[in-house]
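Undergrad: Return a 3D structure for these sequence lines:
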Amino acid sequence: MRKATLRRLALALALLAGCATAHPTPEESAAAEALRIDGPTAFALAQRGARIIDVRRPDEYAAGHIPGAVNIPYDEVAVRTSEVGSLDTEVIVYCRTGRRSAVAAETLVELGYRHVHDLGPMSAWPAGPQALPQ
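TA: From the prediction side, this is the model:
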C-alpha cells in the first residue's frame, strides 16, 4: 500500500509540474502585456519619432488612418522590414480591432525588433486635432 501511495504522489507531482510549464511565468506575462499601449502613450511616442504602422488592408488605410502612418498589411510585415526600419526603431502598430496588430507586433518581436508597441485598434488614438510632424 505504501508503494501505491508513493506512485500516486509521484504522479500528482508530475502532473502539477506539467501544468506549471503550460502557463507563462509572471515575467513572460508582463513582457507580453508590455507590448500593448494606450492612445496617449502612442501619441507621445509618435511625437518623439516612433514609426507608426497601419497593418490593415490598403483599402482600409485609404479610407482613413493616423497621420504619418505607413501602410504595411500585417501579413506582409515580415517581408517589408526595410519600410519598418532598423531593429532599434521605435515602432507602433495598429489595425481596426487589435487582432492584426497583435499578430504584426509578435512578428516584429520574433524578427528581433526591440521597441515594438501595439496600440490595438485605431480608435484608441487620441481624438481631436492630433497633428504629428511630417
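
Undergrad: domains of this protein?
TA: 1-28, 35-124 (automatic domain parsing).

Undergrad: looking at the ones you listed, which is buried most?
TA: With neighbours taken as mean count of other Cβ atoms under 10 Å, those reach their highest mean count in domain 35-124, at a mean of 18. Quick note: C-beta positions are derived from backbone N, CA and C, even for glycine.

Undergrad: returning to that earlier point: worst average pLDDT in the domains of the chain?
TA: Lowest mean pLDDT of these: domain 1-28, a mean of 44.

Undergrad: Which of the three states applies to the residue lying closest to Val70 once chain neighbours are set aside?
TA: Nearest-residue entry for Val70: Ile53, 5.5 Å, with adjacent residues in sequence omitted and distances by Cβ to Cβ, 6 or more residues apart in numbering. Following DSSP: H, G, I helix; E, B strand; the rest coil, the label given to Ile53 is strand.

Undergrad: Tell me the bridge partners for Ile53.
TA: Taking DSSP bridges, one finds Val70, Val93 as the beta-bridge partners of Ile53.

Undergrad: separation between it and Phe43?
TA: Using Cβ to Cβ, to the nearest Å, we find Ile53 at a distance of 15 Å from Phe43.

Undergrad: and if you look at Pro126?
TA: The gap separating Pro126 from Phe43 is 5 Å, by Cβ to Cβ.

Undergrad: Look up which residues are beta-bridged to His115.
TA: Per DSSP bridges, the residues bridged to His115 are Glu90.

Undergrad: Please verify my assumption that it contacts Val93.
TA: No - using Cβ atoms under 8 Å, His115 makes no contact with Val93, being 11.6 Å away.

Undergrad: anything in contact with each of the two?
TA: Counting by Cβ atoms under 8 Å, 6 or more residues apart in numbering, His115 and Val93 have no common neighbour.
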